[in-house]
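Colleague: predicted structure and sequence below. I'll ask about it afterward.
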Amino acid sequence: MAERNTMNTAPHVVVLAGGVGGAKAADGVYRLLPDTLIVIVNTGDDFEHLGLPISPDVDTVMYTLAGLHHPERGWGLAGDTFHALEMLGRYGAPTWFQLGDKDLATHILRRHWRDEGLPLSEITDRLRRALGVRARILPMSDDPVRTVVETEEGTLPFQEYFVHRRAEPRVRAIRFQHVEKARPAPGVREAIQHADVILLAPSNPYLSIDPILHVGDLRALLRARRSRVVAISPIVGGKAIKGPAAKLMAEFGLTPSPLAVAEHYRDIVGHFLLDTVDARYADAIRSLDMDVVMTDTWMRTVEDKERVARVALSSVLGDGWEKGRGAGDE
Ligand code: FO1
């Protein structure tokens, strides 16, 4: 059942996001609620490369909300060039991680501010404000958490596995180094505690959302707010929308399906947004005590993103929230 919405003000929405899929879902909400959205972003993918601190998912979300993202790749900046990368290659430096010329400015400034002692959350806030992004973007933690992937070919740091090795090695396990010491970044716990809706973006559950859930007591906080949490399936028609989620599920001995995603989230999610092509899973997901809503979840256009966001928010708030009065007032 959707929550009764008796709010007269814009709902406060938190999106838990990884990279490109997370950015798309956040962008849909941003277009509806630019001033009350808070995006909590995975930083397990962060790494230091050529001396620069790279936060790929934070940047992907930030560039997307700023309307600056590369439209096809999803990561990096539209219209960027790679002259610096070419020069690095001439020096024999590694070029497998494609840092664009404009993108480099972000990493250079982040390096500068890190060296001055600023935490990632403060740096991210400065960057997003400078780019005109009205929503808050919170890294999950200011403490370093590093995703490492145990593969049949040995242990690989996340970007080695994901970008350099194109997610090809078979995965045995995923670990989040240092997560036991990581504290949620300022504002993260409060955002989850006070949100009217918490949206789990269709990001990779194992590589992008799990790192966030492992920080401090965040999973327990979400469990306590389960009736406010809605997840969008990243698996549609047996395939991942993007990236290796379906391949990973198979390697973990699971059938890639929205049901496997729902089972993974069963303790924290009360509402599940299922693609219409996967309607046959609706009853099984309902039996996990989740409310199921169906729509076309493929987000190709701005209109798609807005529509998916609207359906997700309505699943928790009920219809009518956009008019500033809730279904419960009628
Ligand atoms: N992804 C790639 O597949 N290849 C790249 O060369 C690459 C460079 C890159 C540079 C900056 C940035 O912010 C992201 C970049 N990504 C690249 C994306 C990124 O590494 C992954 O998509 C995420 O970590 C997974 O969410």
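Modeller: Structure received. Every value quoted in this text rests on a predicted model; they were computed, and no experiment measured them.

Colleague: which stretches of the stretch 51-200 of the chain form strands?
Modeller: Here the stretch 51-200 of the chain has its strands, by DSSP state E, counting those that start in this stretch, at 52-54, 136-139, 146-151, 154-157, 171-177, 197-200.

Colleague: are the second one and the ligand in contact anywhere?
Modeller: No - when contact is scored as C-beta under 6 Å from any ligand atom, no part of strand 136-139 falls within range of the ligand; the minimum is 13.3 Å. Every C-beta, even on glycine, is put in place using the N, C-alpha and C of the backbone.

Colleague: just the mean pLDDT for that strand, thanks.
Modeller: Over the span of strand 136-139, the pLDDT mean works out to 98.

Colleague: equivalent analysis for the longest one, please.
Modeller: Averaging the model's pLDDT scores along strand 171-177 yields 97.

Colleague: what of stretch 188-201?
Modeller: On average, stretch 188-201 scores 98.

Colleague: is the ligand contacted by that stretch?
Modeller: No - Stretch 188-201 is not in contact with the ligand by C-beta under 6 Å from any ligand atom; minimum separation 11.0 Å.

Colleague: interface residues of the protein facing the ligand?
Modeller: Proximity of the chain to the ligand, by C-beta under 6 Å from any ligand atom, involves residues 18-19, 45, 54, 56-57, 59-60, 75-76, 97-99, 103, 159, 162-163, 208.

Colleague: rerun that using 8 Å as the cut-off
Modeller: Listed as neighbours of the ligand in the chain under the rule C-beta under 8 Å from any ligand atom: 18-20, 22, 42, 45, 54-57, 59-60, 63, 73-76, 96-100, 103, 158-159, 162-163, 166, 203-204, 207-208, 243.

Colleague: give the PyMOL command for selecting the buried subset of those residues.
Modeller: Buried residues among those (16 or more other C-beta atoms under 10 Å), as a PyMOL selection:
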select buried, resi 18+19+20+22+42+45+54+55+56+57+59+60+63+74+75+76+97+99+100+103+158+159+162+163+203+204+207+208+243
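
Colleague: can you flag which of the residues of the chain next to the ligand belong to helices?
Modeller: Taking DSSP state H as the definition of helices, the residues of the chain next to the ligand contribute 20, 22, 56, 57, 59, 60, 63, 103, 158, 159.

Colleague: could you find the closest non-adjacent residue to the third one?
Modeller: With C-beta to C-beta, 6 or more residues apart in numbering as the criterion, residue 56 has its nearest non-adjacent residue at 5.0 Å, and that residue is residue 45.

Colleague: please report how far that neighbour lies from residue 19.
Modeller: Distance, residue 45 to residue 19, using C-beta to C-beta, to the nearest Å: 7 Å.

Colleague: now for these two: what residues contact both?
Modeller: Counting by C-beta atoms under 8 Å, 6 or more residues apart in numbering, the common neighbours of residue 45 and residue 19 are 56, 57, 208.

Colleague: which residues touch whichever residue of the chain sits closest to the ligand?
Modeller: Of all residues in the chain, residue 19 sits closest to the ligand, at 2.4 Å by C-beta to the nearest ligand atom. The contact partners of residue 19, taken as C-beta under 8 Å, 6+ apart, are 42, 45, 56, 57, 60, 74, 75, 203, 208, 243.

Colleague: the fifth one and residue 189: what is the separation?
Modeller: This points to residue 60. If you go by C-beta to C-beta, the gap between residue 60 and residue 189 works out to 24 Å.

Colleague: so which residues make contact with the helix or strand of the chain with the lowest mean pLDDT?
Modeller: One helix or strand of the chain scores below all others by mean pLDDT, DSSP states H and E: strand 239-240, with a mean of 84. The contact list for strand 239-240 (C-beta under 8 Å, 6+ apart) reads 204, 234, 246, 247, 256.

Colleague: what's the neighbour count on the closest residue in space to the last one that isn't next to it in sequence?
Modeller: Meaning residue 256. Excluding the flanking residues, the one nearest residue 256 by C-beta to C-beta, 6+ apart is residue 246, at 3.8 Å. By the criterion of other C-beta atoms under 10 Å, residue 246 has 22 neighbours.

Colleague: touching, residue 246 and residue 235? I think so.
Modeller: Yes - in this structure, residue 246 is within contact of residue 235 by C-beta atoms under 8 Å, at 6.0 Å.

Colleague: who touches both of these two?
Modeller: In contact with both residue 246 and residue 235: residue 256, using C-beta under 8 Å, 6+ apart.

Colleague: so where's this protein uncertain?
Modeller: 1-8, 324-330 (pLDDT under 70).

Colleague: same thing but at 90, please
Modeller: Counting by pLDDT under 90, the chain shows low-confidence ranges at 1-9, 238-243, 320, 322-330.

Colleague: those helices in it, which residues are they?
Modeller: Taking DSSP H as the test, the helices found in the chain are 20-32, 56-65, 83-90, 101-115, 120-130, 158-159, 188-194, 210-213, 218-224, 245-251, 258-264, 282-286, 302-317.

Colleague: gap between the two ends of stretch 260-273?
Modeller: End-to-end distance for stretch 260-273: 14 Å, by C-alpha to C-alpha, to the nearest Å.
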